[in-house]
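Engineer: Next input, structure requested:
(one chain, ligands or ions: 2)
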Amino acid sequence: MQYEKLITEATAARLLAYTPYSNFQVGAALECKDGRIFRGCNVENASYGLCNCAERTAFFSAIAHGYKPGDFAALAVIGQTDGPIAPCGACRQVILELGGNDLPIVLTNLHGDILETTAAAQLPNAFGGRDLKK
Ligand SMILES: O=c1ccn([C@H]2C[C@H](O)[C@@H](CO)O2)c(=O)[nH]1
Ligand SMILES: [Zn+2]
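Structural biologist: Ligands and ions are numbered 1, 2, ... in the order given. Reported below is the predicted structural model:
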């Protein structure tokens, strides 16, 4: 499996999730084109709306380390779902803008079910930066 290493990284990231409210742990691993991998986990808060998903944690960490849109090669996400985990709408929006249309995404779960997709396939008819330019 092409994404074995990235899934292993996401699995390790998941163990660090801070989830006292949902007890639902998610891990993500974002590979850069230079080979560096940024891990992400979900981080919850008593003010529920402030919870940050694993996918966005990984992207924001990469950006905070100097990586830019165009620098990313693939994203893996793992959660304790019955089938491959489905990123939330907020994350799909962020993944599309920072990862780009063709970013390969591998979605999986603890049983090893796998869905290989792309950023654009996960958010059809997306709103984007181009819509803000008149
Ligand atoms: O793809 C997903 C789906 C959910 N969550 C988190 C958000 C929240 O902390 C918990 C329950 O929704 O799981 C993620 O991190 N990624
Ligand atoms: Zn999300």
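
Engineer: Without its sequence neighbours, what residue ends up closest to residue 129?
Structural biologist: Of all residues not flanking residue 129 in the chain, residue 97 sits nearest, at 7.0 Å (C-beta to C-beta, 6 or more residues apart in numbering). For every residue, glycine as well, the C-beta is placed using N, CA and C.

Engineer: The one you found belongs to a strand?
Structural biologist: No. Using DSSP: H, G, I helix; E, B strand; the rest coil, the secondary structure at residue 97 is helix, not a strand.

Engineer: Which pLDDT value does the model give it?
Structural biologist: The per-residue pLDDT reported for residue 97 equals 98.

Engineer: Pull the contacting residues for it.
Structural biologist: Applying C-beta atoms under 8 Å, 6 or more residues apart in numbering to residue 97 gives the contacts 69, 128, 129.

Engineer: what's the answer for residue 38, then?
Structural biologist: 29, 30, 32, 58, 59, 61, 62, 65, 67.

Engineer: Report the beta-bridge partners for it.
Structural biologist: residue 30 (DSSP bridges).

Engineer: Any figure for the gap between the residue most central in space within the chain and ligand 2?
Structural biologist: Nearest to the geometric centre of the chain sits residue 55, at 2.6 Å (C-alpha atoms, centre = their mean). According to C-beta to the ion, to the nearest Å, residue 55 and ligand 2 sit 5 Å apart.
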